[in-house]
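1. Can you look at this prediction? I've put the sequence above it.
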Amino acid sequence: MWIAHRLAGLSPTAPPCLVFLRRAPAGTGVFPETLLCLSASFNPITVAHAVLIRQASRLISPGETLLLLATANVDKGGEGLPLERRLDLLLRFAESRPEISVAAVAHGRFVDKLEAIRAAYPADTRVVFLLGFDTLVRVFDPKYYEDRNESLRRLFGGSECVVANRGADGPEAVQAFLARPDVAPFARRIHAIRLPPDMAAVSATEVRARLARGDSVQDLVPPEVQPALAAWSQSLRTG
């Protein structure tokens, strides 16, 4: 499959770089603008991801949105959909959205993703990462760094974040986290948005559980990817 061929060149031991599967036809081009990057496992893409993009876009008005999948994630295993299937679904979602690019990277840390983005986009592009609160907590976890403070200074010196409440953690949990002494020095670079409770509760884990049972996921995933997911689920159950 052509997607697997494209991914073959990625290595977590090489310098961070992006492998594009789609460059946005209406993207930033050669001029620096605001790039909104949603980096997630997309296992699979859900309606919550789509709402995240829509909410954040109202806040920062990006010239391009990048859907970025890390092939070597720092904290999640390889269970669920194969990487090629996840990227195929992202391409289906992006097809009717000319402002969206789709790429993969072999590095899981956001500071490394930023390095890869900087090498692929015009100088002075404003980079804004879009993430859920659970991911923001991991960004600040010392276990992922040899020198946490230096890495965070590089990350927030060269990018910003838009963070949304997730699951049972409401907006008040986000604000309390931003007030922590180790987080507060970077809080001015972190912008909080509020997801409605029904969207904050959507999880890819539930999507996969329903697919395994043969149940409908119509309310959990964007309509563009529903037929492909249904066909994949059927093929798994029939062998």
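-> Everything's here; your move.
2. List the contacts of the residue nearest the centre of the chain.
-> Centroid check for the chain by C-alpha atoms, centre = their mean gives residue 39 as the closest residue, at 2.0 Å. For residue 39, the contacting residues are 68-70, 105, 110, 113, 129-131, by C-beta atoms under 8 Å, 6 or more residues apart in numbering. All C-beta atoms are positioned from the backbone trio N, CA, C, and that covers glycine.
3. again, only using 6 Å
-> 68, 113 (C-beta atoms under 6 Å, 6 or more residues apart in numbering).
4. Quickly list what it is bridged to.
-> Judged by DSSP bridges, the bridge partners of residue 39 are residue 68.
5. let's have the chain start at 341 instead
-> I'll keep to 341 as the first residue from here, and by that count the last item is residue 379.
6. What separation do you get for residue 484 and residue 495?
-> Distance, residue 484 to residue 495, by C-beta to C-beta, to the nearest Å: 11 Å.
7. Of those two, which one has the most company?
-> More crowded of residue 484 and residue 495, by other C-beta atoms under 10 Å: residue 495, with 23 against 16.
8. Give me the neighbour count for the nearest residue to residue 492 once chain neighbours are set aside.
-> Nearest residue to residue 492 in three dimensions, chain neighbours excluded: residue 526, at 6.2 Å (C-beta to C-beta, 6 or more residues apart in numbering). Neighbour count for residue 526, taken as other C-beta under 10 Å: 18.
9. Shouldn't residue 526 be within a helix?
-> Yes - the assignment for residue 526 is a helix, going by DSSP: H, G, I helix; E, B strand; the rest coil.
10. Verify the contact between it and residue 494 for me.
-> No - with contact defined as C-beta atoms under 6 Å, residue 526 and residue 494 do not form a contacting pair (11.3 Å).
11. Where do the strands of the chain begin and end?
-> 358-362, 374-379, 404-410, 440-445, 466-472, 500-504, 530-533 (DSSP state E).
12. I'd like the ones you listed as JSON lines, with mean pLDDT and distance to residue 398 appended.
-> What follows is those, written out as JSON lines (pLDDT from 0 to 100; distance: least, C-beta to C-beta, whole Å):
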{"stretch": "strand 358-362", "mean pLDDT": "97", "distance to residue 398": "23"}
{"stretch": "strand 374-379", "mean pLDDT": "97", "distance to residue 398": "11"}
{"stretch": "strand 404-410", "mean pLDDT": "96", "distance to residue 398": "12"}
{"stretch": "strand 440-445", "mean pLDDT": "98", "distance to residue 398": "16"}
{"stretch": "strand 466-472", "mean pLDDT": "96", "distance to residue 398": "12"}
{"stretch": "strand 500-504", "mean pLDDT": "96", "distance to residue 398": "10"}
{"stretch": "strand 530-533", "mean pLDDT": "94", "distance to residue 398": "9"}
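13. Reformat those strands into JSON lines and put distance to residue 517 next to each item.
-> JSON lines is the format used below for these (distance: least, C-beta to C-beta, whole Å):
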{"stretch": "strand 358-362", "distance to residue 517": "29"}
{"stretch": "strand 374-379", "distance to residue 517": "19"}
{"stretch": "strand 404-410", "distance to residue 517": "23"}
{"stretch": "strand 440-445", "distance to residue 517": "26"}
{"stretch": "strand 466-472", "distance to residue 517": "12"}
{"stretch": "strand 500-504", "distance to residue 517": "9"}
{"stretch": "strand 530-533", "distance to residue 517": "9"}
